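Undergrad: Fold the following and give me the result.
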Amino acid sequence: MHLDVIDLRRFYYRSALGRAAQRVIRDRIATLWPPDASGMGAMSVVGFGFAVPLLRPYLGVARRTIALMPGPQGVMPWPSQQPNVSVLTEETLWPIDTGKVDRLILLHGLETSEHASALLDECWRVLGPGGRAIFIVPNRAGFWARRDRTPFGYGRPYSTSQLEEQLKRHRFMTEHVSSALFQPPTDQRFWLKTGPILERVGSSLPAIAAGGVLVVEASKQVAAPTRPGLPEAVRRPLRVLEGIGMPEPEPARQGATLSAETIPPRD
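TA: The predicted structure follows:
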């Protein structure tokens with residue numbers, strides 16, 4: 001079940017905890033995909049779910065930036081006071097041509113979907129060769145998935161192995177796994193102030209540590225083209241039967257002829 005876009009906007013833009021969470025996850029993605037990296041200006045960056053807080057660094061940098069919002073969630077115009085780039089779309093039928101996306105970000109899209117398998121197929125379809133996606137989902141071992149006061153307390157939380165296996169089944173290869181949101185999901189001033197310290201400490205821990213969310217980068221796998229005939233050349237063929245061909249008649253002995261007179265009559 002998707003959350004309502006009004007509740008998501010209120011959390012990320014009106015609450016101190018939501019703004020802190022937005023900043024932490026956005027910085028993590030910017031580390032994986034630096035907005036000032038060479039080639040970013042020629043890329044198309046797309047977000048699905050409520051990924052608009054994470055798309056801000058790529059506005060005006062990427063060739064195209066699009067925010068897809070599923071129908072059950074609702075849509076809001078974004079960015080504010082700029083040309084709108086947000087689109088209301090079917091959850092598993094996006095208005096994007098096949099293979100036209102270079103970078104894809106999902107936030108509050110996969111764990112709340114009732115059609116996760118079809119959604120991942122759609123992600124694979126729109127990504128081009130060499131395309132990459134980042135999936136941000138609640139960490140099953142974290143504290144954020146256990147409190148419904150934040151958007152990460154809804155939907156299906158994942159463990160690292162669960163998410164990697166699901167991505168593998170849909171032809172994605174995991175490239176990088178990390179955790180984020182190590183501060184407690186509370187708006188108390190003490191924890192908000194110590195949040196940056198906890199994030200620095202937590203970022204040095206293994207991905208299985210109890211961060212609030214998993215941040216998984218995956219690349220699109222494309223099967224190699226096939227050709228007719230044998231798929232592989234035999235490197236060391238067997239030579240046991242070499243020299244064996246069609247049977248040949250025994251050569252006649254010198255001076256021997258075969259005539260009707262020499263053939264014994266049948267009984």
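Undergrad: Only C-alpha atoms from now on, for both contacts and neighbour counts.
TA: Noted.
Undergrad: how about the helices in this structure?
TA: Taking DSSP state H as the criterion, the chain carries its helices at 5-14, 16-32, 52-55, 116-126, 160-169, 189-202.
Undergrad: Out of those, the one nearest residue 133 is which?
TA: Residue 133 lies closest to helix 116-126 among the helices of the chain, at 8.2 Å (CA to CA).
Undergrad: which residues touch that closest one?
TA: Contacts with helix 116-126, where a contact means CA atoms under 8 Å, 6 or more residues apart in numbering, come from 91-94, 96-101, 104, 110, 113, 167, 170-172, 220.
Undergrad: could you redo the last one with a cut-off of 6 Å?
TA: Residues from elsewhere that reach helix 116-126, judged by CA atoms under 6 Å, 6 or more residues apart in numbering: 92, 98, 99, 100, 101.
Undergrad: Mind listing what's buried along that helix?
TA: For helix 116-126, burial by neighbour count (16 or more other CA atoms under 10 Å) applies to 116, 117, 119, 120, 121, 122, 123, 124, 125, 126.
Undergrad: next one: stretch 182-202
TA: So stretch 182-202, judged by 16+ other CA under 10 Å, has buried residues 182, 183, 184, 185, 186, 191, 192, 195, 196, 198, 199, 202.
Undergrad: For that stretch, give the mean pLDDT please.
TA: The average pLDDT for stretch 182-202 rounds to 83.
Undergrad: and what of stretch 119-137?
TA: Across stretch 119-137, the average pLDDT comes to 96.
Undergrad: Dump that stretch to CSV, restricted to CA.
TA: Extracted as CSV, the C-alpha positions of stretch 119-137 are listed here (Å, rounded to 0.1, in the frame of the first residue of the first chain):
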residue,chain,number,x,y,z
LEU,A,119,7.6,-3.1,-10.9
LEU,A,120,11.1,-4.5,-11.1
ASP,A,121,10.4,-5.7,-14.7
GLU,A,122,9.4,-2.1,-15.6
CYS,A,123,12.6,-0.8,-14.0
TRP,A,124,14.6,-3.2,-16.1
ARG,A,125,12.7,-2.2,-19.2
VAL,A,126,13.3,1.5,-19.1
LEU,A,127,17.0,1.3,-18.2
GLY,A,128,19.4,1.4,-21.1
PRO,A,129,22.5,-0.7,-21.6
GLY,A,130,24.9,0.1,-18.7
GLY,A,131,22.0,1.7,-16.8
ARG,A,132,22.0,1.7,-13.0
ALA,A,133,19.4,1.9,-10.3
ILE,A,134,19.4,2.7,-6.6
PHE,A,135,16.8,1.0,-4.4
ILE,A,136,16.2,2.6,-1.0
VAL,A,137,14.1,0.3,1.3
